[in-house]
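Student: Kindly return the folded structure for what I paste below:
(2 chains)
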Amino acid sequence: MRPLGNEKRQALHGYAFVAPWIAGFLALKAWPLAYSLWLSFRAVRVTPRGIRTTLAGLANYTAAFLQDTQFTGNVVTFLRNLVLSVPVILVFSLIIAMLINWPMRLKTLFRTIFFLPVIITSGPVISELVSQGAATVPTIERYGIYQAIEANLPPALAAPVTYLFSQIILILWFSGVQILLFLAGLQKMDKSMYEAARIDGATAWEMFWKVTLPELRPIVLVNAVYTIVTLATFSGNEVMVQVQDAAFRPGQGFGYASALAWVHFVLVVLCLGVAVLVVGTGDRRSRRA
Amino acid sequence: MRSRRAAARGRTAWFGAAGLRALAFGDLRRRGVVPVVAVYALLAAIGYVYLYPLLFMAVNSLKSLDDLLNSSVKWIPTAWYPDNYQRAAKVMGFWPVLGQGLVAAALPALAGTVAASVVGYGFARFRFPLRGLWFALVLATFVLPPQVTMIPEFLMYRRLGLIGSVASFIVPALLGQGLRAAVFILIFHQFTRMLPKSMEEAAVVDGAGPLKIFLEIFVPLSGPAFLVSFLFGFVWYWNETYLASLYFQDTWKTLPLQLSRFVASYERMYPQGQNVRDRLNEGIKMAGTVLTILPVLVIYIVLQRWFVEGVDRTGITGE
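Tutor: Below you'll find the model as predicted:
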């Protein structure tokens, strides 16, 4: 864009533009991150004259896992829900995107409906709907599906399956952005690849697995990351609620809440790592090609 | 599959077994009736599941206590009953809180959009040392759960006197650290890269500085990116209750926050135990829920094209 030799000026202008972000990052992310890590190893007391901390070593962390009666349960619930919800959301949003991708009327209407939850979903609204029973499909209960599941499956399997059925609307409600991203990916797909596959006698089923899915792999990964982050940072997330409560609870306080938040953060990063491993980045395929 | 091959051999007439099969299942030229009906039916069924909570909410918010208790009244209330709304609006303090909520969503969204446009443009247009590292850090902030930095930020804002005002949302947004700021920076980054450079190059030849180019060339061309970024920022800030309850305390209110305190506020306003009709029932709660989502719902219905196509238009899915 600029003639060579202007590198210094480029660098200066570039930094001038991104300076607000760098300043904000250092002040509002990097420093608080370090401070909260430090707090998580301290016992914090709020006094009228300010905050007093004493070294607590690993006490906050051991208390979280060994003494806190809720935390381990909350973490396990969160992880279980994540493992169940993420694949369902990804598969479901891909199916919806492929259905909408058909050239047809009412396309806009359906897109609008499926994206609607992104606009209205917030913690209190969801918890209100759940408490009123508006988040489950009554048909599922009416036909005794839960009883059938519990009678026919071992308890370890029955619990996750009932969870999926009872939460199905909420799970679907978290698919709005993913559907749009898949749809955009499908629309950018090279039509000639399908034609070539069809001439070679591929069925629609084969084309999906051999052409569509490999091409969409980067979007699958983006969607997996997006889903995990959304579920992990959603206001109604049980671990998030507990962190906020702990911060202002006597006997726990800021240090303890920081420790819980860090455990949660590390778990989220691990989940993202697992997602990257499972979905893959698609690099190996392109290298082979 | 067989019908497809049969059709490929030549034009199929709409009579005989092969013709009927082609009509039902389609051939190379047109889709059959069966798959079309199946796709519509499937989409309609899923659409119903999606809209079910909203229908449930809307219907129950209009039911009187008698209708709520009467199990034969399911989808159509026996009478138009707007009292739930009056009561819910009173409990939530609807009009003043609506105003506060709009301010608490619009100003941070605006600040975040301005910051994201400058930063995103900077990342896309200039080469500077460590650019890759900083950009990777932008993306990394997306993954960071807000509660990890929440406590030090809370302490910092309290020292700065920002707690209890909308400034606790605006200041981070202005510095590119607002809610999901990484998404907006990415939107502007991708959008900048999609714009042709020739106009900016011409301006450089004419001696325009980078700020002038940004303000007079980039900003007028980037309307869609600004609109999409603002709309999503608005909706996400509107729905944010986790940080809002921490930072705003009780001095600044939003509708979702009021909804989360609905039961307590109601019982304060209508003390328990006197009249059964005064007790909190589902109808009133659902009316409160409808009132909470109504403003964003209206915005979505009016501007849905921008929400839905925005993802595509701004090139966030990559080229």
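
Student: and the one helix or strand residue A:12 maps to, how far out from the chain's middle?
Tutor: Per DSSP states H and E, residue A:12 falls inside helix A:7-25. Distance, stretch centre to chain centre, for helix A:7-25: 31 Å (Cα atoms, centre = their mean, to the nearest Å).

Student: and that helix, average pLDDT?
Tutor: The average pLDDT within helix A:7-25 is 91.

Student: Same check on stretch A:209-222?
Tutor: 88.

Student: can you tell if that stretch touches chain B?
Tutor: Yes. Applying Cβ under 8 Å from any Cβ of the partner chain, one finds that stretch A:209-222 is in contact with chain B at A:218, A:219. All C-beta atoms are positioned from the backbone trio N, CA, C, and that covers glycine.

Student: in that stretch, what counts as buried?
Tutor: Buried residues in stretch A:209-222, counted by 16 or more other Cβ atoms under 10 Å in any protein chain shown: A:211, A:212, A:215, A:216, A:217, A:218, A:219, A:220, A:221, A:222.

Student: do the same with stretch A:200-208
Tutor: A:202, A:207.

Student: just stretch A:221-238 next, same as before
Tutor: Neighbour-count burial for stretch A:221-238 flags A:221-238 (criterion: 16+ other Cβ under 10 Å).

Student: cool, and stretch A:29-39?
Tutor: For stretch A:29-39, using 16+ other Cβ under 10 Å, the buried residues are A:29, A:32, A:33, A:35, A:36, A:37, A:39.

Student: Turn the residues you listed into JSON lines, including distance to residue B:230 and pLDDT.
Tutor: JSON lines is the format used below for those (distance: Cβ to Cβ, whole Å; pLDDT from 0 to 100):
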{"residue": "A:29", "distance to residue B:230": "23", "pLDDT": "90"}
{"residue": "A:32", "distance to residue B:230": "27", "pLDDT": "91"}
{"residue": "A:33", "distance to residue B:230": "28", "pLDDT": "91"}
{"residue": "A:35", "distance to residue B:230": "32", "pLDDT": "91"}
{"residue": "A:36", "distance to residue B:230": "31", "pLDDT": "90"}
{"residue": "A:37", "distance to residue B:230": "34", "pLDDT": "91"}
{"residue": "A:39", "distance to residue B:230": "35", "pLDDT": "89"}
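
Student: Among these, which ones are in helices?
Tutor: If you go by DSSP state H, those have A:32, A:33, A:35, A:36, A:37, A:39 in helices.

Student: Residue ranges in the chain under the pLDDT threshold?
Tutor: Going with chain A. Across chain A, the ranges flagged by pLDDT under 70 are A:1-5, A:135-143, A:281-289.

Student: think we crossed wires, I meant chain B
Tutor: Applying pLDDT under 70 to chain B flags residues B:1-16, B:22-31, B:272-277, B:311-319.

Student: domains of it?
Tutor: Per automatic domain parsing, the structural domains of chain B span B:2-81, B:93-260.

Student: Nearest to chain A, out of those domains?
Tutor: Of all these, domain B:93-260 sits nearest to chain A, with 2.5 Å by Cβ to the nearest Cβ.

Student: Start from the N-terminal end of the stretch 51-200 of chain B and give the helices.
Tutor: Secondary structure of the stretch 51-200 of chain B by DSSP state H, counting those that start in this stretch: the helices cover B:65-69, B:83-92, B:94-125, B:131-143, B:146-160, B:167-174, B:181-194, B:198-205.

Student: picking that back up, now tabulate the buried residues of stretch A:209-222 in CSV and tack on secondary structure.
Tutor: Putting the buried residues of stretch A:209-222 into CSV (DSSP: H, G, I helix; E, B strand; the rest coil) gives the following:
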residue, secondary structure
A:211, helix
A:212, helix
A:215, helix
A:216, helix
A:217, helix
A:218, helix
A:219, helix
A:220, helix
A:221, helix
A:222, helix
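
Student: Name all residues that make contact with the closest residue to residue B:303 other than its chain neighbours.
Tutor: Nearest residue to residue B:303, sequence neighbours excluded (Cβ to Cβ, 6 or more residues apart in numbering or on different chains): residue B:231, at 6.4 Å. Applying Cβ atoms under 8 Å, 6 or more residues apart in numbering or on different chains, we find residue B:231 in contact with B:109, B:299, B:303, B:306, B:307, B:310.

Student: Of these, which is the most crowded?
Tutor: If you count neighbours using other Cβ atoms under 10 Å in any protein chain shown, the busiest of these is residue B:109, which has 26 neighbours.

Student: I'd say it and residue B:240 touch.
Tutor: No. Judged on Cβ atoms under 8 Å, residue B:109 makes no contact with residue B:240 at a distance of 10.9 Å.

Student: how deep is residue B:264 tucked in, by neighbour count?
Tutor: The local packing of residue B:264 (other Cβ under 10 Å) involves 10 other residues.

Student: That one: which element?
Tutor: With DSSP H and E as criterion, residue B:264 is part of helix B:262-269.

Student: What helices and strands are in contact with that helix?
Tutor: Packing partners of helix B:262-269 (3 or more Cβ pairs under 8 Å, 6 or more residues apart in numbering or on different chains; DSSP states H and E): helix B:83-92, helix B:282-313.

Student: The first one vs helix B:282-313, what angle?
Tutor: So the one you mean is helix B:83-92. 80 degrees (axes from the mean of the first three to the mean of the last three Cα atoms, to 10 degrees).

Student: Can you tell me how far the residue nearest to residue B:303 is from residue A:222?
Tutor: Distance of residue B:231 to residue A:222, computed by Cβ to Cβ, to the nearest Å: 21 Å.

Student: Also residue B:293?
Tutor: Counting by Cβ to Cβ, the gap from residue B:293 to residue A:222 is 28 Å.

Student: which residue packs closest to residue B:70, ignoring adjacent ones?
Tutor: Leaving aside its sequence neighbours, residue B:70 sits nearest to residue B:78 (Cβ to Cβ, 6+ apart; 7.9 Å).

Student: Touching, that neighbour and residue B:69? I think so.
Tutor: No. Taking contacts as Cβ under 8 Å, residue B:78 lies outside contact range of residue B:69: 11.8 Å.

Student: Provide the backbone phi and psi angles at residue 235.
Tutor: This is for chain A. With angles defined as degrees, to the nearest 10, residue A:235 sits at phi -60, psi -30.

Student: you'd agree it is up against residue B:236?
Tutor: No. Between residue A:235 and residue B:236 there is no contact under Cβ under 8 Å: 11.2 Å.

Student: Who are the contact partners of residue B:297?
Tutor: By Cβ under 8 Å, 6+ apart, the contact set of residue B:297 is A:119, A:120.

Student: ugh, wrong one, I meant residue A:175
Tutor: A:89, A:92, A:93, A:96, A:114, A:117.

Student: ok, now how distant is it from residue B:261?
Tutor: 30 Å.

Student: Please apply the same query to residue B:220.
Tutor: Computed as Cβ to Cβ, the residue B:220 to residue B:261 distance reads 44 Å.

Student: Looking at those two, which has the bigger crowd around it?
Tutor: Counted by other Cβ under 10 Å, residue B:220 and residue B:261 do not tie: residue B:261 has more neighbours, with 16 against 8.

Student: Look at the residue lying closest to residue B:163 once chain neighbours are set aside and say how many residues are nearby.
Tutor: Nearest non-adjacent residue to residue B:163, counting by Cβ to Cβ, 6+ apart: residue B:157, 5.1 Å away. For residue B:157, the neighbour count with other Cβ under 10 Å is 20.

Student: residues contacting residue B:157?
Tutor: Residue B:157 touches B:163, B:168, B:171, B:247, counting by Cβ under 8 Å, 6+ apart.
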